[in-house]
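Asker: predicted structure and sequence below. I'll ask about it afterward.
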Amino acid sequence: MSTPTLEELEKLARQLPEKIPYLKLLILFGSRATGKTHAQSDWDFAVLFNEEERKIHIKDNNWGWFEVPLILGKTFGIAPEKIDVVELNNSSWLVAHFIARDGILLYEKDPGGYEYFRSTSLRPESEMKKFRQEQRQLIEMALKKWGL
């Protein structure tokens, strides 16, 4: 399988509504979005679902909970085992922040949905600095506790 370009991904993503009708957003993130890839780089996709539509869609198919990586792989020509999917409906604020900061929109069901996600997920630098300081303090306390 050849590596699809960003333009090819964006074009192919237009097929997704008929395959994943509950999909609201699809965002490429990680090394493929930042351009820092290597030979073993996987494909990181973030998805936002309409949960009610998703439950209806997979009601009689329990395997439906696992169909998205397979559908993305088939649509984009990427081996499914090279695909990681983060569900924004269930992700932490920290993961959502980095996806909003570095991600590339591939599909948006409703105009403005991606900008709304970004505006509610991006944290100010002052908040991120405070978070890093708190994490550093927790690590230092743990190291002291262990005598290191």
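Answerer: Right, received. Where do you want to start?

Asker: help me confirm that residue 107 comes into contact with residue 15.
Answerer: No. Assessed by CB atoms under 8 Å, residue 107 is found out of contact with residue 15, at 9.4 Å. Backbone N, C-alpha and C define where each C-beta goes, glycine included.

Asker: how far off centre is the longest helix seen in the chain?
Answerer: The single longest helix within the chain, with elements called by DSSP state H, is helix 125-145. Here helix 125-145 shows a centroid-to-chain-centroid distance of 25 Å under the convention CA atoms, centre = their mean, to the nearest Å.

Asker: out of residue 107 and residue 15, which sits in the busier spot?
Answerer: residue 107 (23 against 14; other CB atoms under 10 Å).

Asker: assign the more buried one to helix, strand or coil.
Answerer: Assigned by DSSP: H, G, I helix; E, B strand; the rest coil, the conformation of residue 107 is strand.

Asker: okay, and the beta partners of it?
Answerer: Beta bridges link residue 107 to residue 26, judged by DSSP bridges.
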